[in-house]
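Enquirer: Below is the structure, and that's it, no one-letter string:
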């Protein structure tokens, strides 16, 4: 049985090294201010001095336009909408989880999803994920499963209801109501 070596405690990075570390982290992946500070916190010295160094690094990165929560939110939203075919709610939850301010989330999502037909986006999601139309003896059970997948993908109950109605599937409205929504009535 091999024994793990005791890890040496790293020396805290000074501000110039912390800046280089942050630039490297941003080069690998786009990040929010909160996410970048979380990474730097493990490398910076503890206490007030480390917090000040991180704040100066973040300010310098913003000044150089390497770091912007606004740009992050816009790019993240565009990629999730166009590539993953996620609905508005899923993107909203993901951005909030990543530490983007709720006002910025609201403006970004309004701009990104203003001209989007959510039913068409749900159809694209279904095609992308190769979700089969429920049929046969287990159609109701399969429809419930599809409903859950579409809800996790961020689509509203009304949208899910419309998609399932197009398939002539009996919709279990209790599953939609359990999620806190009632399907929109058809006009």
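Expert: That came in fine, so what should we check first? No experiment lies behind these values; they were computed from the predicted model shown.

Enquirer: hey, let's count contacts and neighbours off CA atoms from now on
Expert: OK.

Enquirer: Could you tell me which helix of the chain is the longest one?
Expert: helix 48-63 (DSSP state H).

Enquirer: buried sites along it?
Expert: Going by neighbour count (16 or more other CA atoms under 10 Å), the buried part of helix 48-63 is 50-51, 53-54, 57-58, 61.

Enquirer: Just the residues contacting it, thanks.
Expert: 14-15, 18-19, 22, 33, 37, 40-41, 44, 67-68 (CA atoms under 8 Å, 6 or more residues apart in numbering).

Enquirer: Tell me the one of those nearest residue 115?
Expert: Nearest to residue 115 out of these is residue 68 (CA to CA; 25.0 Å).

Enquirer: Flag the shaky bits of this structure, pLDDT-wise.
Expert: The chain contains residues with pLDDT under 70 at 1-2, 6-8, 171-187.

Enquirer: Would you confirm that residue 121 contacts residue 85?
Expert: Yes. Using CA atoms under 8 Å, residue 121 makes contact with residue 85 at a distance of 6.2 Å.

Enquirer: now residue 68: how far from residue 166?
Expert: With distances taken as CA to CA, to the nearest Å, residue 68 is found 42 Å from residue 166.
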